[in-house]
Structure formats: C-alpha cells, structure tokens
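S.K.: From the sequence below, what's the structure:
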Amino acid sequence: MRYEHLTGQVQAQAQLPDRQSAERALRGTLETLAERLPDGLADHLAAQLPEGAAESVERVTAAHEASPELRAHSRDHGERFDLTTFAGRIAWRTGTTEETALREAAAVLEVLDAAVSPELMHKLSTVLPRDIGGLLPESRAAGGPGA
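M.R.: Purely as a prediction, here's the structure:
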C-alpha cells in the first residue's frame, strides 16, 4: 500500500477534514505504538509500512537504540504503559484531546489491519494489554494478555 493511500484511508476512517490531519493521526499513533512494542515487532511493523509511515516507527526504535538506558530497560518487551498513557502520548504528539486521540488511533489501527499481514496484526494483539488492544478491530481485540 502506498503512503498516500494509507493516509487517505486514515482520513476516511477517522472522518478527518484533510490529509494533514490524517498524517498527524497516523504519525502520532505509530510513534506511540512503536514505544509500546518490543523492538523486533516494531521493526516488522516498519518493514510492512510504506516509507512515510515506516519512518515514524523507525524514528522511535532508533532513539531507543541510541539510548543505552532505554535500550536496556524496555526494548525486549516495549515500554509498559496503559491506555491512559497511550492516549496522553498520542494527544500530546497530535495536539488533540485524549478522546480525539483514541478515536483517531482506533481508525489508524483499523487501516493497519488491512495494510499489514494478518500474522503481524495477531502478534500486535498478543503483546498489547487488553485496554490498548481494545482499539484494534473487533476480530483482533480479544487477543491481548491484559498486561
């Protein structure tokens, strides 16, 4: 899937007014998701995304690789945080409210479900805690460990 198509799908799914809003939602969600994922899984996600979207994931994993403290602390399992923190980080990155951030993140995850392999989405559903996993499309949301 091309980046323009991906952002167009996010714009339509989230009912956003323009492409810039869709890009903002996509970037904020992917960066925050990359913080929550183990490095290997984040790398797999980036590999299946078009270049413009993959950069958001790669930026976060590169920052963690450059920081010995972050690398040693969290990269085998990803940072541990819940839905409230997830929403707060996306809202901060996108300049929206937490409610808007969650609505837009759910739309981004819906689009990702169609853009990446089913195996990758299954892995995402198993590593995300239930509260964040609840943003995944219904067919995947039940897979989280609740951690």
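S.K.: Please work out how many residues are found near the closest residue to Glu104 other than its chain neighbours.
M.R.: Using Cβ to Cβ, 6 or more residues apart in numbering and skipping residues adjacent in sequence, the residue nearest Glu104 is Ala25, 3.9 Å away. C-betas here are computed from N, CA, C, even on glycine. Residues within reach of Ala25, counting by other Cβ atoms under 10 Å, total 28.
S.K.: Sort out which residues of the host helix or strand of Ala25 are buried, please.
M.R.: Using DSSP states H and E, Ala25 sits within helix 19-36. For helix 19-36, burial by neighbour count (16 or more other Cβ atoms under 10 Å) applies to 21-36.
S.K.: pLDDT on it, on average?
M.R.: Helix 19-36 carries an average pLDDT of 97.
S.K.: Helices along the chain, start to end?
M.R.: Secondary structure of the chain (DSSP state H): helices at 3-14, 19-36, 39-48, 51-66, 68-74, 83-94, 98-115, 118-127, 130-133, 138-141.
S.K.: Of those, flag the one that's most buried.
M.R.: Counting by mean count of other Cβ atoms under 10 Å, helix 19-36 has the highest mean neighbour count of these, with a mean of 22.
S.K.: Would you single out the least confident of the helices of the chain?
M.R.: Mean pLDDT values for the helices of the chain show the minimum at helix 68-74, a mean of 53.
S.K.: before we move on, the earlier item: my guess is the residue nearest to Glu104 meets Leu16, correct?
M.R.: Yes. The criterion here is Cβ atoms under 8 Å, and Ala25 meets it with Leu16 at 6.6 Å.
S.K.: okay, stretch 115-129 in PDB with CA atoms only?
M.R.: C-alpha atoms of stretch 115-129 as PDB (Å, rounded to 0.1, in the frame of the first residue of the first chain):
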ATOM      1  CA  ALA A 115      -2.400  -2.800   5.300                       C
ATOM      2  CA  VAL A 116      -0.100  -5.300   7.100                       C
ATOM      3  CA  SER A 117      -0.100  -9.100   7.300                       C
ATOM      4  CA  PRO A 118      -2.700 -10.900   9.400                       C
ATOM      5  CA  GLU A 119       0.200 -12.600  11.300                       C
ATOM      6  CA  LEU A 120       1.700  -9.200  12.300                       C
ATOM      7  CA  MET A 121      -1.700  -7.900  13.500                       C
ATOM      8  CA  HIS A 122      -2.100 -11.100  15.500                       C
ATOM      9  CA  LYS A 123       1.300 -10.500  17.100                       C
ATOM     10  CA  LEU A 124       0.300  -6.900  17.900                       C
ATOM     11  CA  SER A 125      -2.900  -8.200  19.600                       C
ATOM     12  CA  THR A 126      -0.900 -10.600  21.800                       C
ATOM     13  CA  VAL A 127       1.600  -8.100  23.000                       C
ATOM     14  CA  LEU A 128      -0.700  -5.200  23.700                       C
ATOM     15  CA  PRO A 129      -2.500  -5.000  27.000                       C
END
